[in-house]
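[1] Let me see the structure of the following:
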Amino acid sequence: MKLDEYRIMYDTEDRLWWYRGMERITRLLAERSYKPGQKLNILDAGCGTGGAIHYLASYGIVTGVDFSSHALRFCRQRGEARLARGSVTDLPFRDAVFDLVTCFDVLSVRGVDDSKALREFRRVLVSGGRVILRLPAYGWLRGAHDRAVETGHRYRISEIKAKMAGAGIEVEHASYANMWLFPIAVLKRWAEPLLPRQAGSDLTLSVGPLNRIFQYILASEAPLIASRGLPFGLSVVAVGRRG
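    Here you go, the predicted structure:
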């Protein structure tokens with residue numbers, strides 16, 4: 001990812017509607033199997049600037065790993081200390097040490113071998129341990145944001161389920177997310193060729209007073225996503241288990 005985007009991520013993770021709404025979704029996905037206050041050993045694989053580490057700590061002790069030393073510096077600015085530098089395709093941990101592995105919008109990054117990364121997640125999970133994934137959806141939605149954050153691939157549910165199964169991870173639940181705002185995003189993507197070129201990711205776009213409204217809309221999907229699932233959306237989320 002471009003270095004400037006790490007600064008933008010660091011500056012927006014605690015308040016931007018997308019991050020806050022996805023936190024609610026992630027919490028309910030985790031709480032399908034775990035409760036806050038448990039002493040899980042958790043790995044946030046591709047932790048970026050560390051925004052997710054804070055709320056994942058509700059469920060246990062969190063270790064963050066990222067390939068970018070730039071990203072890890074921002075994690076340290078947040079006060080995080082349990083950090084390691086490494087690739088999601090070659091994790092610097094021994095076998096069967098984590099109860100939960102999370103990976104948010106990292107397998108999709110250009111150059112990442114998603115199948116190899118999934119095998120690594122399975123390797124470091126204890127028997128019965130789980131992985132929670134989030135990925136961008138639908139290749140036809142590629143746009144300026146993907147160029148800025150170096151997205152190499154966007155997924156359908158059927159594809160990530162097949163890849164998880166191929167890595168020996170039993171898929172327990174999968175859904176699309178960010179459905180209510182999907183039409184707005186589609187219109188933006190289609191309009192981008194007609195607009196001045198967007199220099200950065202969508203994180204650079206200010207929505208002003210709509211931030212709280214968008215956060216509420218996205219967070220409102222969480223109970224549906226964690227139960228029956230949604231039929232389409234801007235992201236794919238999945239929960240899998242190592243047998």
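[2] For this protein, which residues score under the pLDDT cut-off?
    By pLDDT under 70, the chain has no low-scoring segment.
[3] Bridging across strands, which residues link to the nearest residue to Ser127 once chain neighbours are set aside?
    Spatial nearest neighbour of Ser127, chain neighbours left out: Arg242 (6.2 Å); criterion: CB to CB, 6 or more residues apart in numbering. C-beta: built from backbone N, CA, C; applies to glycine. On the basis of DSSP bridges, Arg242 is bridged to Ile169.
[4] Now for Arg242: which residues touch it?
    122, 125-131, 168-170 (CB atoms under 8 Å, 6 or more residues apart in numbering).
[5] Likewise for Glu5?
    148-149, 200-201, 203.
[6] quick one on the thing from earlier: how much space between the residue nearest to Ser127 and Thr89?
    Counting by CB to CB, to the nearest Å, the separation of Arg242 from Thr89 is 18 Å.
[7] Okay, buried residues for the strand ranked longest in the chain please.
    Ranked by residue count, the top strand of the chain under DSSP state E comes out as strand 125-136. Using 16 or more other CB atoms under 10 Å as the test for burial, strand 125-136 gives 125, 129-136.
[8] Could you give the number of residues near the nearest residue to Lys116 once chain neighbours are set aside?
    Take Lys116 and drop its neighbours on the chain: the residue closest to it by CB to CB, 6+ apart is Thr89, 4.5 Å away. Counted with other CB atoms under 10 Å, residues neighbouring Thr89 total 18.
[9] Thr89 and Ala117 touch, don't they?
    Yes: if you go by CB atoms under 8 Å, Thr89 and Ala117 touch, sitting 4.9 Å apart.
[10] Distance to Pro193 for the buried residues of strand 125-136 - can I get that in a markdown table?
    As requested, the buried residues of strand 125-136 are exported to a markdown table (distance: CB to CB, whole Å):
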| residue | distance to Pro193 |
| --- | --- |
| Leu125 | 43 |
| Gly129 | 44 |
| Arg130 | 41 |
| Val131 | 37 |
| Ile132 | 35 |
| Leu133 | 31 |
| Arg134 | 27 |
| Leu135 | 25 |
| Pro136 | 19 |
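[11] Next, give me the two most distant ones among those residues.
    By the measure CB to CB, Gly129 and Pro136 form the most distant pair in the buried residues of strand 125-136, at 24.9 Å.
[12] Longest helix in the protein, please.
    helix 17-30 (DSSP state H).
[13] Distance from that one to the middle of the chain?
    Distance, stretch centre to chain centre, for helix 17-30: 10 Å (CA atoms, centre = their mean, to the nearest Å).
[14] Please name the strands paired to the longest strand of the chain in the sheet, noting orientation.
    When DSSP bridges is applied, strand 125-136 pairs with strand 98-104 (parallel), strand 235-242 (antiparallel).
[15] Please report how far the residue nearest to Ser127 lies from Phe121.
    Separation of Arg242 from Phe121 (CB to CB) stands at 8 Å.
[16] intersection of neighbour lists for these two?
    Residues touching both Arg242 and Phe121 (CB under 8 Å, 6+ apart): 131, 169.
[17] Let me know the outermost residue of this structure.
    Leu194 (29.7 Å; CA atoms, centre = their mean).
[18] Leaving out the residues flanking it, which one is nearest to the residue sitting nearest the centre point of the chain?
    Central residue of the chain (CA atoms, centre = their mean): Phe104, 1.7 Å from the mean position. Spatial nearest neighbour of Phe104, chain neighbours left out: Arg134 (4.5 Å); criterion: CB to CB, 6+ apart.
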